[in-house]
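1. Dropping a prediction and its sequence here:
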Amino acid sequence: METYGYIRHSFRESGKNFLMLEVEELPAASPDRVTVKITKTKKKRSLTANAYHWQLCNKMAAVLRTSDAEVHHTLMLRYGTLLTDKDDTPVIVALSQDVDMVAMNMYGRLVSTGDLNHYVLIKPSRYYDSAEMARLIEGTIDEAKALGIETLTPHELEQMGLLGKDRNGTQNPEGNHT
C-alpha cells in the first residue's frame, strides 16, 4: 500500500525511535514486519509553465525558421535535467550511429563516439518538478530574449509562479539561478 501524509512528531524513547504520521489512508494492521519508505513530495510543474515554454518555443521557431519541436529539443539538451537511476547516477545509453535521437523523441547529450554513440539521457519535461521546470523556463526566456522575442516581465512571471529560486531558496527577482 502507498499513501501520502505528513510527519507530525518524532521522538526517541527507551532507545527506540518513533514517528507519528498523519496519512490520507490508514493501512490495515499487520503482525508482519513491513518496510516503510518516506520521501519528500516534490511540487509538480504547472501546466501554465509548460504552456509558456511551448509558446516561447513557437515564437523562437518562427524566428529561426524551424519547428517548435526542434527548438524544444535543443532547449532540453541545454537546460534539461539529467535522467538518473535509483542511486542518482546519470543514465548513459550506447546507440548505433544511425539512431536519430530527435526522431525517437529522446533527449541525450552526446558524450562519446566510436562504433556506438554514448549519450547521457535527459529526463522528459513531463516528469519535471517545479524547480526543474523553472530551470528550463529560465533558459528558454534567456534564449528568447537573445533572439529579440518579448517575454513576460519578472513581475508577470512571479504572478504566474514561474520564477525560480536562487541557491538559498529565496525568490530571485530576475528569475535566474545565482
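-> Yep, it's here. Since we're looking at a predicted model, the values are computed, not measured. Numbers count the residues shown, from 1 in each chain.
2. can you pull out the strands in the chain?
-> 5-13, 16-23, 92-96, 108-112, 116-121 (DSSP state E).
3. Most tightly packed of the ones you listed?
-> strand 116-121 (a mean of 17; mean count of other Cβ atoms under 10 Å). Where C-beta positions appear, they are placed from N, C-alpha and C, glycine not excepted.
4. between that strand and strand 108-112, how big is the angle?
-> Between strand 116-121 and strand 108-112, the angle comes out at 140 degrees (axes from the mean of the first three to the mean of the last three Cα atoms, to 10 degrees).
5. May I have strand 116-121 exported as CSV, CA atoms only?
-> This file holds the C-alpha atoms of strand 116-121, laid out as CSV (Å, rounded to 0.1, in the frame of the first residue of the first chain):
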residue,chain,number,x,y,z
LEU,A,116,28.5,3.4,-30.8
ASN,A,117,27.4,6.8,-29.7
HIS,A,118,27.1,7.2,-26.0
TYR,A,119,24.5,9.7,-24.6
VAL,A,120,23.7,10.8,-21.1
LEU,A,121,19.9,10.9,-21.1
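6. Any idea how far it is from the middle of the chain?
-> Distance of strand 116-121 from its chain centroid, counting by Cα atoms, centre = their mean, to the nearest Å, is 20 Å.
7. How about stretch 7-22?
-> 32 Å.
8. who touches that stretch?
-> Gly5, Tyr6, Ile38 (Cβ atoms under 8 Å, 6 or more residues apart in numbering).
9. One more pass at 6 Å, please.
-> Residues from elsewhere that reach stretch 7-22 (Cβ atoms under 6 Å, 6 or more residues apart in numbering): Gly5, Tyr6.
10. distance between the ends of that stretch?
-> 6 Å (Cα to Cα, to the nearest Å).
11. same question, stretch 107-121
-> End-to-end for stretch 107-121, by Cα to Cα: 6 Å.
12. For that stretch, give me every contacting residue.
-> 76-77, 80, 83, 90-95, 97, 101, 122.
13. change it to 7 Å
-> The contact list for stretch 107-121 (Cβ atoms under 7 Å, 6 or more residues apart in numbering) reads 73, 76-77, 80, 82-83, 90-97, 101, 122, 124.
14. residue ranges of the helices in this protein, please?
-> For the chain, the helices defined by DSSP state H cover 47-64, 68-79, 130-146, 154-159.
15. For my notes, please list those helices in a markdown table and give mean pLDDT, mean neighbour count and distance to Arg12 for each entry.
-> What follows is those, written out as a markdown table (pLDDT from 0 to 100; neighbours: other Cβ atoms under 10 Å; distance: least, Cβ to Cβ, whole Å):
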| stretch | mean pLDDT | mean neighbour count | distance to Arg12 |
| --- | --- | --- | --- |
| helix 47-64 | 91 | 16 | 42 |
| helix 68-79 | 95 | 18 | 44 |
| helix 130-146 | 93 | 19 | 33 |
| helix 154-159 | 82 | 14 | 42 |
